Every structure is written in structure tokens, then in C-alpha cells.
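**Q** would you be able to build a 3D model of this:
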Amino acid sequence: MSIPLDTLIDKDTNVYEMTCVAIKEAAIMAAKKDTEEELEKNHEKIVSVVLEKVLNDEVEYSKPEE
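**A** Residues are numbered from 1 along each chain as shown. Model (predicted):
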């Protein structure tokens, strides 16, 4: 799986915010043992999987009120 660049370019959101969410989600996924085995089985990388999920709005998050 590769990073969906077309979706990334077309996305009209705060890129910094999206990046922070992706970093935190990747850290959570990396901490799970079964995730690593599943990714290796499918020949995938954590970053690619997380970016695709974030770009497709599959990861829910909230930001603190300012």
C-alpha cells in the first residue's frame, strides 16, 4: 500500500492537525503486538495505513477548545 497522494493533495483541512493525529495514531498502533504481525503479513507499513485512515476520516479525534 502506498500513501494516497491524490487524496492528500485534495484534502482541504489543517495539514498540521492531520499530521499530529497521524503521529499519535501510529504510536498507538505500534504499541500493539498484534498490529505488527498483521502489517507484516500484509506487507504494509504503519505510516501508510495510518495516513490512509486519517485521510479517509476513519480516525475520530477532538481538539481542545481555545
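**Q** for the rest of this, base every contact and every neighbour count on C-alpha atoms.
**A** Fine.
**Q** count the residues that sit near residue 56.
**A** Using other C-alpha atoms under 10 Å, residue 56 is surrounded by 13 other residues.
**Q** below-threshold pLDDT in the chain: ranges please.
**A** 1-3, 66 (pLDDT under 70).
**Q** try it again at 90.
**A** 1-19, 29-57, 59-66 (pLDDT under 90).
**Q** for it, which helix is longest?
**A** When the chain is scanned for its longest helix (criterion: DSSP state H), the result is helix 15-31.
**Q** elements contacting that one?
**A** Packing contacts for helix 15-31, counted by 3 or more C-alpha pairs under 8 Å, 6 or more residues apart in numbering; DSSP states H and E, involve helix 46-55.
**Q** need the contact partners of the helix it packs on.
**A** Contact with helix 46-55 is made by 1-4, 7-8, 11, 18, 21-22, 25-26, 29-30, 39, 59, as judged by C-alpha atoms under 8 Å, 6 or more residues apart in numbering.
**Q** can I have the buried ones of these as a PyMOL selection?
**A** With 16 or more other C-alpha atoms under 10 Å as the burial test, the buried ones among those are selected in PyMOL as follows:
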select buried, resi 8+21+22+25+26+29
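**Q** okay, the angle between the longest helix of the chain and helix 46-55?
**A** Counting by axes from the mean of the first three to the mean of the last three C-alpha atoms, to 10 degrees, helix 15-31 lies at 130 degrees to helix 46-55.
**Q** how far is helix 15-31 from where the chain is centred?
**A** 6 Å (C-alpha atoms, centre = their mean, to the nearest Å).
**Q** for the helix or strand that that helix is followed by, packing partners?
**A** Using DSSP states H and E, the helix or strand that follows helix 15-31 in sequence is helix 33-41. Taking 3+ C-alpha pairs under 8 Å, 6+ apart as contact, there are no helices or strands that helix 33-41 lies on.
**Q** show me which positions of helix 33-41 end up buried.
**A** In helix 33-41, counting by 16+ other C-alpha under 10 Å, buried: nothing.
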